[in-house]
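>>> Got a sequence here, can you build the structure:
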Amino acid sequence: MRFAGKTVVVTGASSGVGRAIARAFADEGANVGLIARSTDGLDGAAHDVQAAGQRALVLPLDIADADAVEDAATRVEAELGPIDIWVNNATTSVFSPISEMTADEYRRVTEVAYLGYVYGTMAALRRMRERDRGTIIQIGSALAYRSIPLQSAYCAAKAATRGFTDSLRSELLHDGSRVKVSMLLLPAVNTPQFDVVRSRLPNRAQPVPPIFQPEVIADAVLWAAVHHPRELVIGGSALRAIVGQKVIPGLVDRFLATSGYDGQQTDDAADQSSPDNLYDPVPGDHGAHGRFDDRAKQWSPELAARMHAGALLSAAALAGAVTAGWAIVRRRP
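Reported below is the predicted structural model:
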């Protein structure tokens with residue numbers, strides 16, 4: 001098992017991508033510290049980790065509380081051992097036109113989706129720098145490069161996290177540190193977020209297709225924890241969004257102005273009375289998957305190519321050698 005005996009911390013571990021990541025690390029032998037607000041979801045995540053034969057430490061807290069994050073890191077090291085890998089994943093959003101957003105909503109999304117990453121990174125660094133080892137993985141989004149309408153707070157937080165992480169990398173390189181930092185740039189993912197997110201949309205919120213299963217992201221996280229890419233773009237849709245922003249940003253503005261509203265909604269009317277998780281968790285164990293299983297992809301060919309590039313190159317080299325050898329044999333008299 002790739003992570004036997006390692007200690008991993010996952011924020012936002014109660015559901016969605018974080019839940020899948022925690023389960024994947026446990027399946028590969030890691031003990032996992034589980035951070036989130038939802039005790040129901042954390043209990044479910046702990047059961048997943050323990051079912052894989054590993055130790056789970058449940059840490060119910062709000063990632064926007066820096067002191068609570070620091071205390072959680074101390075508990076993890078006291079009960080599970082030195083932190084080897086820290087995955088910043090916890091997030092929240094508001095689906096709403098900017099004209100209808102409130103100052104408190106912007107503040108809250110920023111505190112969770114940006115400052116929560118800062119606090120998690122700082123807590124991990126305080127321990128990893130002393131040992132001169134460790135890995136920090138930031139679960140980002142293609143929206144860190146290309147914002148979309150109706151999620152201005154979330155997009156801004158993701159962009160801020162990318163800026164923070166770039167600064168961190170340069171500082172670690174300056175110091176000659178062996179602490180590794182990777183950022184994953186995600187496409188749309190089938191998570192329960194779209195049933196608990198705060199939304200002012202007339203119809204039910206959805207991820208912008210194509211949609212991927214959270215296990216695709218979890219596999220990428222485990223690969224990144226071993227290979228330490230600077231950034232890892234997951235899915236062709238994420239790659240197209242990033243490249244489009246660099247090459248034809250004005251055209252992308254116009255494209256999203258016409259498609260970005262309908263693309264984030266289903267045809268079903270939203271229940272405006274349903275609770276959301278902006279300030280408090282919605283009760284229940286929501287698991288890793290959302291309601292889009294029938295539309296979600298199980299793998300990404302672009303990601304598979306990146307993850308297995310070495311094997312593909314070796315296979316190509318071998319094929320070339322065999323072809324060349326056969327040509328030499330055929331030329332012999």
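
>>> Please report the distance of Ser182 from Asp71.
26 Å (CB to CB, to the nearest Å). Any C-beta I mention is one placed from the backbone N, CA and C, and that applies to glycine too.

>>> which one of the two has more residues nearby?
Set side by side, Ser182 and Asp71 show more neighbours around Ser182, with 24 against 14, by other CB atoms under 10 Å.

>>> Spit out the contact partners of the more buried one.
When contacts are counted by CB atoms under 8 Å, 6 or more residues apart in numbering, Ser182 touches Thr135, Ile136, Ile137, Gln138, Ala224, Ala225, His228, Pro229, Arg230, Glu231, Leu232.

>>> The stretch 151-300 of the chain: strands as residue ranges?
Assigned by DSSP state E, counting those that start in this stretch, the stretch 151-300 of the chain shows strands spanning 180-186, 188-189, 198-199, 203-205, 211-212, 231-233, 265-269, 296-297.

>>> okay, those, which one's buried deepest?
For the strands of the stretch 151-300 of the chain, the largest average neighbour count (mean count of other CB atoms under 10 Å) is found in strand 188-189, namely a mean of 26.

>>> Show me what that strand is packed up against.
If you count contacts as 3 or more CB pairs under 8 Å, 6 or more residues apart in numbering; DSSP states H and E, strand 188-189 packs onto strand 211-212, helix 214-227.

>>> For the longest one, list the C-alpha coordinates in CSV.
Read that as helix 214-227. Provided in CSV are the C-alpha atoms of helix 214-227 (Å, rounded to 0.1, in the frame of the first residue of the first chain):
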residue,chain,number,x,y,z
PRO,A,214,-15.3,12.3,-6.9
GLU,A,215,-13.3,9.1,-7.0
VAL,A,216,-11.6,10.5,-10.2
ILE,A,217,-10.4,13.4,-8.0
ALA,A,218,-9.3,11.1,-5.2
ASP,A,219,-7.2,9.1,-7.5
ALA,A,220,-5.5,12.3,-8.8
VAL,A,221,-4.8,13.4,-5.2
LEU,A,222,-3.1,10.1,-4.3
TRP,A,223,-1.0,10.4,-7.5
ALA,A,224,-0.1,14.0,-6.6
ALA,A,225,0.9,13.0,-3.1
VAL,A,226,3.6,10.7,-4.7
HIS,A,227,4.7,12.7,-7.7
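
>>> now the angle from that helix to strand 180-186?
Orientation of helix 214-227 against strand 180-186 (axes from the mean of the first three to the mean of the last three CA atoms, to 10 degrees) gives an angle of 160 degrees.

>>> Contacts for helix 214-227, please.
Against helix 214-227 from outside (CB under 8 Å, 6+ apart): 2-3, 16-17, 19-21, 23-25, 28, 85, 87, 135, 137, 139, 182, 184, 186, 189-191, 232, 234-235, 288-289, 297-300, 303, 307.
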